[in-house]
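S.K.: starting from these lines, generate the structure:
(2 chains)
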Amino acid sequence: MNILPLIEAKAELTDGGLPPEPIVLSTRIRLARNIAPHRFPGRADESERVEILDMAFGKIADGPLSGGAKIRIDALSPLERQVLVERHLISRELSEAGTGAGVIIDRSQHISIMVNEEDHLRLQAVRSGFNFKKAWAEIDALDTAIEGDVDYAFSSGLGYLTACPTNLGTGMRASAMLHLPGLVMQEHMEKVIRMVNQLGMAVRGLFGEGSEATGSIFQISNQQTLGESEDSIVKRLINVLHAIIEQEENARKVIREKKALKLLDKIGRAFGILRNAHLLSSEETMNLLSLMRLAVDLGLLPEEYRTHVDRLFIETQPGHIQLSVRGEVDPGERDQRRAKTMREEFSSLPGLSFGIKPDVTPKKKKS
Amino acid sequence: MAKPEQCSNCTKPATIHLTQIVNNQIQKVDLCEDCPFKKGVTDPEGFSLAEFLLKPGTLMQAQADQLECPNCGFTPADFKKAGRFGCPVCYETFKGILKPMLSNMHKDTVHRGKVPDRALARVGIKRKLTELESRLREAVEEEKYEDAAGLRDEIEVLRSSLAESPGNSEDK
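M.R.: Numbering: from 1, shown residues only, chains lettered A, B, ... in the order given. A predicted model of the protein is given here:
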């Protein structure tokens, strides 16, 4: 199995369909669906899982999602699996699953359907920026098309039946990836997470459950799936997101006003490291890139480089670095490769334009 | 003042204090807000302190532990281990265990979201069936046998159309 053509094609997250915006990196909606009366993937034996996968490839990849790439996980090398995880096209759990696990990915990489992860089907739509309307319209239409030919496990009282009762009902998890360097710098994230949790939403790192929030990137999603319509869940999430965005904007304003010199110094140093370093770990790079995205938001770099930074967030991941050299390399060599890529990428950028609004000169003493 | 009491069911501080007199005997219990027993406790009709103190849960638990899903053989022990169910039918099999869990987990315990069209059709047919069946009973009681025959035919047609769409779990 070769996933290179897919990876090298233009994708929503690497070549953003929309002009990317500050704070909200991307929007995602996923639906958990199962096929009655089959046992859920965790309980099913291999032959039943293969039956489900063949059915999905036949009825979906040759039907509503025709033209999509049909990929069997056990046909992929560990590196290829890692790359798909880094692209958010499959989950870590699926990448570790055995025979019967698969994924269908549409050409634009807006949509992917994981088969035999925790549930038989996990339909996912991703959009760059703050775009729930489009993501929902897309995933809803696909779901409706699939249901025309596939018997979903559904009960009128409990909704879509899922392997884990936490996904019961709508089976929907809507999420947004937020870039929150202001709140991180001001050490307000703990407070924000507590507030968000109280409102029934979950906060996770870049790769979902249990992952670290490197690069000040956080995933905010609904926690409850039963008892509310999809529309009202999304509306509630959007309200919470707006509140977080406002907090982030406030934090940035405070930093610009009170810690401008420190902020500019941080960004300037980050730019210097990216341009000149010879060894860069994935985590360090994520944190430096986070400052570059902030630099764009503050007008220190031209707007068009936001997409550039967003692409590097993905391409700096270990799997992508290795894929770019067409093979597995040890972490030391990876850090060297990564630094080389960053030097090249950032040398071609214009320098930071520090002539921005914040008053960086020390305050004059009142006479 | 006395020190804060602990919940009789877990270790959290108790905020609900109940006293009940049954057969001239005073029984007291302290509970925290979160305990699943809250539901039963707040319902004065259905809750007996004596039963609670005698750990009524153990009896119910024993019954629940013997459950086994007829479709996939899943047991409550399996669920405790995996945190996931075995198949769609498990939701019907374990609904007794599930209900209190769902009210802690979700906004409500009733689905209010999207409904797959064909499932909707099936739900519609089932509703219609219930209605026709009650009309049939009335017709028989009122000895309107001609009406009853017509209703019976209609019911037959609906039942066979339901039987043609296999594979969907019971709605409840």
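
S.K.: what residue in chain A comes nearest to chain B?
M.R.: A:G227 (2.7 Å; C-beta to the nearest C-beta). Bear in mind the C-beta positions are built from the backbone N, C-alpha and C, glycine included.

S.K.: count the neighbours of the residue nearest to that residue when sequence neighbours are not counted for me.
M.R.: In this structure, A:G227 finds its nearest non-sequential neighbour in B:D108, 2.7 Å apart by C-beta to C-beta, 6 or more residues apart in numbering or on different chains. Counted by other C-beta atoms under 10 Å in any protein chain shown, the residues lying close to B:D108 total 13.

S.K.: pretty sure B:D108 is touching A:E228, no?
M.R.: Yes. Between B:D108 and A:E228 there is a contact under C-beta atoms under 8 Å: 7.2 Å.

S.K.: helix/strand/coil for the residue in chain B positioned nearest to chain A?
M.R.: Residue nearest to chain A within chain B (C-beta to the nearest C-beta): B:D108, separated by 2.7 Å. Of the three states, B:D108 takes coil according to DSSP: H, G, I helix; E, B strand; the rest coil.

S.K.: and the longest helix for chain B?
M.R.: helix B:117-141 (DSSP state H).

S.K.: show residues contacting that helix.
M.R.: A:144, A:147-148, A:151-152, A:154, A:156, B:115, B:145, B:147-148, B:151-152, B:154-155, B:158-159, B:161-162, B:165, B:168, B:171 (C-beta atoms under 8 Å, 6 or more residues apart in numbering or on different chains).

S.K.: filter those down to the buried ones, PyMOL style.
M.R.: Under the burial definition 16 or more other C-beta atoms under 10 Å in any protein chain shown, those of the contacts of helix B:117-141 that qualify are selected in PyMOL by:
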select buried, (chain A and resi 147+151+152+154+156) or (chain B and resi 115+148+151+155+158+168)
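
S.K.: what mean pLDDT would you report for the longest helix along chain A?
M.R.: In chain A, taking DSSP H as the definition, the longest helix is helix A:230-258. For helix A:230-258, mean pLDDT rounds to 96.

S.K.: alpha carbons of the very next helix or strand once past it, as CSV, please.
M.R.: For helix A:230-258, the succeeding helix or strand toward the C-terminus, using DSSP states H and E, is helix A:260-276. Extracted as CSV, the C-alpha positions of helix A:260-276 are listed here (Å, rounded to 0.1, in the frame of the first residue of the first chain):
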residue,chain,number,x,y,z
ALA,A,260,5.1,43.8,24.7
LEU,A,261,8.9,43.8,25.0
LYS,A,262,8.9,40.2,26.3
LEU,A,263,6.5,39.1,23.6
LEU,A,264,8.5,40.6,20.8
ASP,A,265,11.7,39.1,22.2
LYS,A,266,10.1,35.7,22.4
ILE,A,267,8.8,35.8,18.8
GLY,A,268,12.1,37.2,17.5
ARG,A,269,14.1,34.5,19.2
ALA,A,270,11.8,31.8,17.9
PHE,A,271,12.2,33.2,14.4
GLY,A,272,16.0,33.2,14.8
ILE,A,273,16.0,29.6,16.0
LEU,A,274,13.8,28.4,13.2
ARG,A,275,16.1,30.1,10.7
ASN,A,276,19.4,28.9,12.2
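
S.K.: against which helices or strands is helix A:260-276 packed?
M.R.: Packing partners of helix A:260-276 (3 or more C-beta pairs under 8 Å, 6 or more residues apart in numbering or on different chains; DSSP states H and E): helix A:230-258, helix A:282-297, helix A:331-347.

S.K.: do that again at 6 Å, thanks
M.R.: The contact analysis (3 or more C-beta pairs under 6 Å, 6 or more residues apart in numbering or on different chains; DSSP states H and E) places helix A:260-276 against helix A:282-297, helix A:331-347.

S.K.: relative to helix A:260-276, how tilted is the longest one?
M.R.: Yep, that's helix A:331-347 we're talking about. Helix A:331-347 runs at 110 degrees relative to helix A:260-276, counting by axes from the mean of the first three to the mean of the last three C-alpha atoms, to 10 degrees.

S.K.: show me the shaky parts of chain B.
M.R.: For chain B, the stretches with pLDDT under 70 are B:1-5, B:8-11, B:15-28, B:33-65, B:118-120, B:122-123, B:163-172.

S.K.: let's see that with 90 instead.
M.R.: Applying pLDDT under 90 to chain B flags residues B:1-67, B:80-81, B:95-97, B:99-100, B:104, B:117-131, B:157-172.

S.K.: in it, which spans are strands?
M.R.: B:16-22, B:25-31 (DSSP state E).

S.K.: and if you look at the stretch 101-250 of chain A?
M.R.: Assigned by DSSP state E, counting those that start in this stretch, the strands in the stretch 101-250 of chain A fall at A:102-105, A:111-115, A:121-128, A:154-155, A:159-160, A:172-179, A:201-204, A:217-222.
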